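>>> got a sequence here, can you model it:
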Amino acid sequence: MAGKSPEEIAEERIAEVRRTGSTKLDLSELDLGIVPEALGQLPHLQDLDLSINRLTMLPDILGQLPCLQTLALGYNQLTTLPEALGHLSQLRHLLLMANRLTELPFVLGQLSHLRTLALHDNQLTTLPAALDRLYQLQGILLGHNQLTRLPDVLGRLPQLQHLDLNHNQLTELPDVSGQFLHLRTFILSNNQLSTLPDTLGSLPHLRRLHLNHNQFETLPDVLVCLSKLQQLDFSHNRLTALPDWINRLSRLNKLLLRDNQLTTLPDSLGSLSKLQWLDLSHNQLRTLPEWFSRLSKLQRLYLNHNQLITLPAVLGQLPELEWLDLSHNQLVALPDALGQLPQLEVLAANNNQLTALPDWRGQLPQLQQLYLHGNSALGIPPEVLGPTWEEVASEQEQRVTPSSILTYYFR
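Predicted structure coming up:
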């Protein structure tokens, strides 16, 4: 293909699809400025990928692809969409993310078989009312737009299961009674919300709710009604305490509370027996309660960037714990009991005030990563400690084995 123009490459691929009868055509990442007219010669096409090009407009010939089920147009420079898109009666998935759309044509409401509509990273301020005819739409992605209110039409989509409105300018949500009855995932992160309507509790199938990066000072009481909730993200808010009723969210398996202002934890949190992932990092916790031992399903526990001085030995009673982050606290010692964690793979205790280590040689059979940097009193030189977590995560350095660190320390 060396030396060929994007248009020539596209024409060759179109000719190949026409020759073989393939139902898929990939014209992505070719630096195309226009859509080849020859596309109109592929009426059997079902899957067309034009993403990651330089398209500023779409030709009417797209409407001549009656069998098209997936149309990917993301990461271009589109400012408008042609009326001809309304002719794609079999379209299931329309991907328009990362363009420059400020409005949508009413003809999109004619796409009665549409299941997925990706519109994130555009410049939309509203949605056309005609979208309420998308009776089969299950997912709509509207993150990174300029919406200041929840468009009314969204509440009239009877099969909607996934709604993403992250990074908009929402300051409140309207009454949603009788709406969103099949919604399972509601993403509202990075807005300006501080309250929720009481009717949010009427969403009977909601499983995932993301409200991180907003302005909440307390967990709204309406959440207690969401009995099927499995994942809740309230990271990066202004929470100073958690309500006692949090134990009524008994199906939670993931609770993210990073970067708030929590100083204590309610005993009721220990009743969330299905919890697998708990992020309490970047808060103001000084101690941990004994009820942590009841979180027997916990696999990941993030306690970094708090003010912890000591840890309870009961942390060693978490049989499924794989990841424990204790970094950036004020710990002077680690409990011997941590050596009883049979599944622990990662232990980060860097940037504390540790003066000694428990002798875990021969224990922690699954441990693959041990981070102890920033504890000068341990006397372990940098070349033994190996790369930091940040260096390993960015694949700059190969990590060292925990056994080599412990062997050096107890030499």
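>>> in stretch 183-193, what counts as buried?
Within stretch 183-193, the residues that count as buried by 16 or more other Cβ atoms under 10 Å are Leu183, Arg184, Thr185, Phe186, Ile187, Leu188, Ser189, Asn190, Asn191, Leu193. Just so you know, the C-beta spots here come from the backbone N, C-alpha and C atoms, and that holds for glycine as well.
>>> of those residues, which is the nearest to Arg300?
For the buried residues of stretch 183-193, the closest approach to Arg300 (Cβ to Cβ) belongs to Ser189, at 19.6 Å.
>>> quick one, phi psi at Val346?
Val346 has phi and psi values of phi -130, psi 130 when expressed as degrees, to the nearest 10.
>>> just grab the bridge partners of it for me.
Here Val346 sits in beta bridges with Trp323, Gln369, going by DSSP bridges.
>>> and it, how close does it get to Ala393?
Computed as Cβ to Cβ, to the nearest Å, the Val346 to Ala393 distance reads 11 Å.
>>> what about the two, which has more around it?
Val346 (20 against 11; other Cβ atoms under 10 Å).
>>> these two touch, right, that one and Leu326?
No - using Cβ atoms under 8 Å, Val346 is not in contact with Leu326; the gap is 10.8 Å.
>>> name the nearest residue to Glu83, ignoring sequence neighbours.
In this structure, Glu83 finds its nearest non-sequential neighbour in Val107, 5.2 Å apart by Cβ to Cβ, 6 or more residues apart in numbering.
>>> domains of this structure?
Here the domain parsing of the chain from automatic domain parsing is 1-169, 285-411.
>>> gap between the two ends of the last one?
Across domain 285-411, the straight-line distance between its terminal residues is 35 Å, by Cα to Cα, to the nearest Å.
>>> mean confidence score for it?
Average pLDDT, domain 285-411: 95.
>>> and the closest residue to Arg248 other than its chain neighbours, helix, strand or coil?
Take Arg248 and drop its neighbours on the chain: the residue closest to it by Cβ to Cβ, 6+ apart is Val224, 5.2 Å away. What DSSP: H, G, I helix; E, B strand; the rest coil gives for Val224 is helix.
>>> hmm, Leu252 and Val224 touching each other?
No - applying Cβ under 8 Å as the test, Val224 and Leu252 come out as separate, 12.0 Å apart.
>>> between those two, which one's more packed in?
Shown here are Val224 and Leu252; by other Cβ under 10 Å, Leu252 has more neighbours (22 against 16).
>>> which residues sit in contact with that one?
Listed by Cβ atoms under 8 Å, 6 or more residues apart in numbering, the contact partners of Leu252 are Leu229, Gln230, Gln231, Leu232, Leu272, Lys274, Leu275.
>>> pipe those into TSV and attach pLDDT and distance to Ala333 per row.
Output for the contacts of Leu252, formatted as TSV (pLDDT from 0 to 100; distance: Cβ to Cβ, whole Å):
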residue	pLDDT	distance to Ala333
Leu229	98	37
Gln230	98	36
Gln231	98	34
Leu232	98	33
Leu272	98	28
Lys274	98	31
Leu275	98	26
